[in-house]
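Only the shape, not the letters, is given here:
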């Protein structure tokens, strides 16, 4: 038995859910249920909660930590 829950989502998250639902020809509710039932999401692990925010290793520059030019401005004031 399913119960109804209302949530507010950011536009980008909702757009991602809608695109997946269209591609799979299913409902937004089905996509959300499946995402909530994934391992990691239900356990509340840190990785499960931030997985979509992490840069994949193959997309980051190889010299990100060693190239001083990439660190320019790091730690400075964010006000402009």
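Structure received. Please read these numbers as outputs of a predicted model, since none were measured by experiment.

Quick check, pLDDT for the residue nearest in space to the middle of the chain.
Centroid-nearest residue in the chain: residue 52, 2.6 Å away (criterion: C-alpha atoms, centre = their mean). Listed pLDDT for residue 52 reads 70.

Can you point out the helix or strand that includes residue 32?
helix 28-37 (DSSP states H and E).

now that helix: mean pLDDT?
When pLDDT is averaged along helix 28-37, the result is 88.

Check which residues of that helix are buried.
31-32 (16 or more other C-beta atoms under 10 Å). C-betas here are computed from N, CA, C, even on glycine.

Just list what it packs against, helices and strands only.
Contact here means 3 or more C-beta pairs under 8 Å, 6 or more residues apart in numbering; DSSP states H and E; on that basis helix 28-37 packs against helix 11-24.

Look up how far residue 59 lies from residue 38.
According to C-beta to C-beta, to the nearest Å, residue 38 stands 22 Å off from residue 59.

between the two, which one's more packed in?
Set side by side, residue 38 and residue 59 show more neighbours around residue 38, with 11 against 6, by other C-beta atoms under 10 Å.

How about residue 61: what's its closest non-neighbour residue?
Nearest residue to residue 61, sequence neighbours excluded (C-beta to C-beta, 6 or more residues apart in numbering): residue 70, at 6.9 Å.

residue contacts, the one you found?
Residues in contact with residue 70 (C-beta atoms under 8 Å, 6 or more residues apart in numbering) are 61, 63-64.

Among these, which are located in strands?
Using DSSP state E, no member of these falls in strands.

want to throw those into a markdown table with pLDDT?
Output for the contacts of residue 70, formatted as a markdown table (pLDDT from 0 to 100):
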| residue | pLDDT |
| --- | --- |
| 61 | 75 |
| 63 | 79 |
| 64 | 74 |
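
From the residues you listed, which land in helices?
Among the contacts of residue 70, none falls in helices (DSSP state H).

out of these, who's nearest residue 23?
When these are compared for distance to residue 23 (C-beta to C-beta), residue 61 wins out at 30.6 Å.

Would you mind measuring from the closest one to residue 69?
Counting by C-beta to C-beta, the gap from residue 61 to residue 69 is 11 Å.
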